[in-house]
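Asker: task: produce atomic coordinates for the following.
(chains A and B)
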Amino acid sequence: MLDINLIRNNPEVVRENQKKRNLDPGEVDRILELDRIWRENLQVLERLRNLKNRKIMEISSKMKKGENVDIEKEEVKKLNEDIERIEKIVEDVKVKRDSFLWRMPNLLDDDVPYGKDENDNVPIRFWGKAKVFKDDLENFMKESRGKMDYVLIEKRPDSHTDIIEKFDLADTLRAGKVAGSRFYYLKNDLVRLEIALEMFALDHLLSKGFIPVEPPFMLTRRAMEGATDLSTFEDTIYKVENEDLYLIATSEHPLAAYHMDEFIEENSLPLKYAGISPCFRKEAGAHGKDTKGIFRVHQFNKVEQFIYCHPDDSKRFLEEILRNAEEIYQKLELPYRIINICSGDIGNVASKKYDIEVWMPAQGRFREVVSASNVRDYQSRRLNIRVRGKFGNYYPHTLNSTAIATTRTIVAIIENHQENNIIKIPEPLKRYFGKEKIILEKKI
RNA sequence: GCGGGGAUAGCCUAGCGGUAGGGCGACGGCCUGCUAAGCCGUUAUCCGAAAGGAUUCGAGGGUUCGAAUCCCUCUCCCCGCGCCA
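Answerer: Residues are numbered from 1 along each chain as shown, chains lettered A, B, ... in the order given. All right, here's what the predicted structure looks like:
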């Protein structure tokens, strides 16, 4: 949520932001008009209430002297009618103003490139040596801007979809039977691989001073609304029937809401949390995309980085959490590119966002595995989280980034590390996984 | 699930129909060679240029001229009992 004072004092900045996001700048003026009406009526209301309060005190003192107060009582009753009427107007206008305010997206960072959609995202960095099948070379050169190492391979690796079903590493058919599409039973070595990935990511973050947290997997509407925006709510969040509870789509949500309605002491910043949780997503509007396998699913596990910090530090911490995520993917030997998400693709909550996309040799393209965002004070305002500062209170900035999303990383490992009938396990995972490789052999 | 007790500004606590009081902590000031003590002030939100005003006693209703206080509904916490991985 934006600061209403920013909109009052610098409407032009907010209009420009709307334009850059390809949204209607007129929203700003709608808010300003409602805000003006609200304040006018509020002043009328407060004058009436002041009159009432004075009258009540008059009654009180007259009663002590034993005087008759019937006239004054009638006056207060009349005032109450006026107050009730104006109260309703004030309340209605405020609700309307706030609903516009809550829908307004975050201010974009100056570094966010202008763009219409995901095609305008800007690759800024590349790492690793991609295995590229010759038919994919043209696309690879385009997507990597020719700035990334690669080796040509003669045969396209098998898709994870085929491998997991054929070697009984996951069962999406039976999952479909009992839960519907986009669900899976992980089986055999993939169960350990998933846990190994989580432990590896968690330990990586712990070594950097993050506090491990396993949050609630459901939140009330109030907490969820503070952590996310309306469009996410509609497209991704599952509701529990007959309860005021919503399934989290990422541990970012409960970690953002962790300090709801609290004051954080300034000297405890930055707060760095490593969340670990399942994530539940409706994937509405993704019909036809990644319909098979475990790349795009309704439920997966994730280790997440979440930081509360002083507003001056958020730019630096965005780079830091991106680096943390990069280190994880480097250690997993998965070649990737970093993209700077453009203004048309960034979403309402983020002020700036980087994605890490791993090169997937079987699919012949880069696919998102990590998303790192600077949210600034957008969530902390919605969740009423403030810092008690030496020179006054303020809203902290929050940032979030994936460390490991298990299913997508498993896909990346299967595509990148498959050799003749084995999947190689990257070095740092071995101690958690307990074996050097997954042997691909047909189960009966 | 049943019974009992709670929720008052950052924390603790009083008030139990008539303008929310005290303590702690924090911050600022006075005093002081420095520190401590002591004294004064500030320390929830909103409107207002300011003066000032309004709101706020877990949430929402009700009674009343007036509700932290009385009544109803709900949420959460604590102590028993029951059930339970």
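Asker: three-state assignment of A:Val370?
Answerer: A:Val370 falls in the strand class when you classify it by DSSP: H, G, I helix; E, B strand; the rest coil.
Asker: could you do the one 3 residues further on as well?
Answerer: Remark: A:Ser373 carries the secondary structure label strand [criterion: three-state DSSP].
Asker: ok, it - contacts?
Answerer: By Cβ atoms under 8 Å, 6 or more residues apart in numbering, the contact set of A:Ser373 is A:Leu318, A:Val349, A:Ala350, A:Ser351, A:Lys352, A:Lys353, A:Tyr354, A:Leu399, A:Asn400, A:Ser401. All C-beta atoms are positioned from the backbone trio N, CA, C, and that covers glycine.
Asker: now render those as JSON lines, adding distance to RNA strand B.
Answerer: Shown next, in JSON lines, are these (distance: Cβ to the nearest atom of the strand, whole Å):
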{"residue": "A:Leu318", "distance to RNA strand B": "27"}
{"residue": "A:Val349", "distance to RNA strand B": "21"}
{"residue": "A:Ala350", "distance to RNA strand B": "24"}
{"residue": "A:Ser351", "distance to RNA strand B": "21"}
{"residue": "A:Lys352", "distance to RNA strand B": "26"}
{"residue": "A:Lys353", "distance to RNA strand B": "28"}
{"residue": "A:Tyr354", "distance to RNA strand B": "32"}
{"residue": "A:Leu399", "distance to RNA strand B": "24"}
{"residue": "A:Asn400", "distance to RNA strand B": "25"}
{"residue": "A:Ser401", "distance to RNA strand B": "30"}
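Asker: tell me how far stretch A:394-414 lies from the chain's centre.
Answerer: Averaging C-alpha positions (Cα atoms, centre = their mean, to the nearest Å) puts stretch A:394-414 10 Å from its chain's average.
Asker: which residues of chain A lie near RNA strand B?
Answerer: Residues of chain A lying near RNA strand B by Cβ under 7 Å from any atom of the strand: A:4, A:39, A:42-43, A:45-47, A:49-50, A:52-57, A:59-60, A:63, A:73, A:76-77, A:80, A:263, A:386, A:390, A:393.
Asker: on that earlier part again, the contacts of A:Ser373 in strands, which ones?
Answerer: Counted as lying in strands by DSSP state E, out of the contacts of A:Ser373, are A:Lys352, A:Lys353, A:Tyr354, A:Leu399, A:Asn400, A:Ser401.
Asker: circling back: and which of the contacts of A:Ser373 is nearest A:Arg431?
Answerer: A:Ser401 (24.4 Å; Cβ to Cβ).
Asker: for chain A, which helix is longest?
Answerer: Criterion DSSP state H: the longest helix present in chain A is helix A:26-64.
Asker: tell me what that one is packed against?
Answerer: helix A:4-9, helix A:11-20, helix A:70-103 (3 or more Cβ pairs under 8 Å, 6 or more residues apart in numbering; DSSP states H and E).
Asker: compute the number of surrounding residues for the closest residue to RNA strand B within the stretch 151-300 of chain A.
Answerer: Taking Cβ to the nearest atom of the strand, RNA strand B has its nearest neighbour within the stretch 151-300 of chain A at A:Phe263, 5.2 Å off. By the measure other Cβ atoms under 10 Å, the count of residues near A:Phe263 is 13.
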